[in-house]
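Participant: structure for this input, please:
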Amino acid sequence: SSTNAAFAVQVESLEKELRAASKFQSKYEKTSKKYKEEKKKAKELADQLSSFENDKLALDAKLVTMQTANKDVSVSLAKAERALEREKEKNATHRKEISRLQAKLESVQQERDTKVRSLE
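Facilitator: Residues are numbered from 1 along each chain as shown. Below is the predicted model:
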């Protein structure tokens, strides 16, 4: 009977340990599952970050290309503005020459008119 009692105590002790081990295993499985989920999220975020970094590199390259094109356009615009100023100067010179020639023509016409009148 005392053997049975000792055996019953031992069984009870083992059952307690089994319940404790079962609780521990359950907590471990939950923690393990959470860890795997967090690891998956971390990988997704790392992939997103990598994608964003690649996008940024592409945008940086595009920006450099656009800045270079903008400089080229600015240089071309400056050249065109200088050419326009030269053309304006030429036009002003031509207008002066036209005015001079018109004045000379009027003068010659007046002389002719005067001579024609004097011959009449």
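Participant: please, which helix or strand holds the residue nearest the centre of the chain?
Facilitator: Nearest residue to the geometric centre of the chain (CA atoms, centre = their mean): Leu59, 4.2 Å. With secondary structure defined by DSSP states H and E, Leu59 is part of helix 2-119.
Participant: could you give the separation of that helix from the chain centroid?
Facilitator: Mean-position distance between helix 2-119 and its chain equals 0 Å (CA atoms, centre = their mean, to the nearest Å).
Participant: tell me, how many residues neighbour Tyr35?
Facilitator: 10 (other CB atoms under 10 Å). For every residue, glycine as well, the C-beta is placed using N, CA and C.
Participant: I'd like the distance from it to Leu49, if you could.
Facilitator: Tyr35 sits 21 Å away from Leu49, taking CB to CB, to the nearest Å as the criterion.
Participant: repeat for Arg82
Facilitator: Distance, Arg82 to Leu49, by CB to CB: 49 Å.
Participant: what is the rounded mean pLDDT of the helix holding Leu59?
Facilitator: For helix 2-119, mean pLDDT is 96.
Participant: packing partners for it?
Facilitator: Using 3 or more CB pairs under 8 Å, 6 or more residues apart in numbering; DSSP states H and E, no helix or strand is in contact with helix 2-119.
Participant: number the residues from 21 up from this point.
Facilitator: Yes, from this point I'll number from 21; that puts the last item at helix 22-139.
Participant: distance-wise, check the residue nearest to the centre of the chain relative to Ser94.
Facilitator: Distance from Leu79 to Ser94, counting by CB to CB: 22 Å.
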